[in-house]
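Novice: A predicted structure for the sequence below; I have some questions about it.
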Amino acid sequence: MAESRPRRGRLIVLAGPTAVGKGTVAAWIREHHPEIWMSVSATTRPPRPGEVDGHHYHFVTPEEFDRLVATDGLLEWATVHGVHRYGTPRAAVEERLAAGESVLLEIDLQGARQVRSRMPEAFLVFLKPPSWEELVRRLVGRGTETEAERERRLATAREELAAEDEFDATIVNTEVEDAGRELVDLFRSGPPAPTAG
């Protein structure tokens, strides 16, 4: 008797404006729901204090990143805030989905659009702040950017917030734990079946 292949896993993409807390919500899920596999992005930016290569990001040189792009080794990639490049290594995501695992991508808006075009079955979730004022407070409170970087990120955030209607669902990040639970519920309940059209 032929072995039945595992049902393909579910891919959820979490995106939203800068400083909305995507990384914090993703970290909560990593800690409390290890059954959900989280893709680790490649980036050309230098590590921030406390970041570990291979855990938070794969920190690569611009030349290594060019090679990944040239060989179609990235599911999506983008230049973020006009400076550094970020991308999702394709092979690991495909392997996990084929094995029937739940996969979470925590990426930016440009990346989410690329994933939607390359993997239409992906379910896109928009993480939004409770208010614009709260988003500004979080960005300033992080203290990891210069004034010029903050202004650039806030300009980008205004554009990103306008893209909410491109997503399949929205979660408001008022409390990290609540937002994380809502996201896990989407994996469990399953995105609605695509409508024929």
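Specialist: Yep, that arrived. Numbers count the residues shown, from 1 in each chain.
Novice: So which elements touch the host helix or strand of Arg181?
Specialist: In this assignment (DSSP states H and E), Arg181 forms part of helix 176-189. In terms of contacts (3 or more Cβ pairs under 8 Å, 6 or more residues apart in numbering; DSSP states H and E), helix 176-189 is packed against strand 11-15, helix 22-32, strand 102-106, strand 123-128, strand 169-172. Every residue, glycine included, has its C-beta placed from N, CA and C.
Novice: any idea how far the residue nearest the centre of the chain lies from Lys22?
Specialist: Centroid-nearest residue in the chain, with Cα atoms, centre = their mean: Glu106, separated by 1.5 Å. Using Cβ to Cβ, to the nearest Å, Glu106 is found at 5 Å from Lys22.
Novice: Tell me the residues that contact both of these two, please.
Specialist: Common contacts of Glu106 and Lys22 (Cβ atoms under 8 Å, 6 or more residues apart in numbering): 14-15.
Novice: Check the separation of the first and last residues in stretch 92-108.
Specialist: Separation of the first and last residues of stretch 92-108 by Cα to Cα, to the nearest Å is 19 Å.
Novice: Contacts for it next, please.
Specialist: Outside stretch 92-108, the residues touching it (Cβ under 8 Å, 6+ apart) are 6-15, 18, 22-23, 25-26, 29, 35-41, 75-76, 78, 80, 86, 88, 111, 115, 122, 160, 183, 187.
Novice: got the buried residues for it?
Specialist: Neighbour-count burial for stretch 92-108, counted by 16 or more other Cβ atoms under 10 Å, picks out 93, 96-97, 101-108.
Novice: before we move on, what about stretch 137-155?
Specialist: Those would be 138-139, 145, 150, 152-154, for stretch 137-155 by 16+ other Cβ under 10 Å.
Novice: Lowest-confidence member of those residues, which is it?
Specialist: The member of the buried residues of stretch 137-155 with the lowest pLDDT is Glu145, at 72.
Novice: tell me the contacts of that one?
Specialist: 139, 153.
Novice: Please apply the same query to the one 5 residues further on.
Specialist: When contacts are counted by Cβ under 8 Å, 6+ apart, Arg150 touches 139-140.
Novice: counting contacts, what elements does the helix or strand bottoming out on mean pLDDT in the chain pack onto?
Specialist: Counting by mean pLDDT, DSSP states H and E, the chain has its least confident helix or strand at helix 132-142, which shows a mean of 83. Packing partners of helix 132-142 (3+ Cβ pairs under 8 Å, 6+ apart): helix 147-161.
Novice: then the helix it packs on to CSV, C-alphas only?
Specialist: Extracted C-alpha coordinates of helix 147-161, given in CSV (Å, rounded to 0.1, in the frame of the first residue of the first chain):
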residue,chain,number,x,y,z
GLU,A,147,16.6,60.8,14.0
ALA,A,148,17.0,60.5,10.2
GLU,A,149,16.2,56.8,10.2
ARG,A,150,13.2,57.4,12.4
GLU,A,151,11.8,60.0,10.0
ARG,A,152,12.4,57.6,7.1
ARG,A,153,10.7,54.7,8.9
LEU,A,154,7.7,56.9,9.8
ALA,A,155,7.3,58.0,6.2
THR,A,156,7.4,54.3,5.2
ALA,A,157,4.9,53.4,7.9
ARG,A,158,2.3,55.8,6.5
GLU,A,159,2.5,54.1,3.2
GLU,A,160,2.4,50.6,4.8
LEU,A,161,-0.7,51.4,6.9
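Novice: Cheers, nothing more for now.
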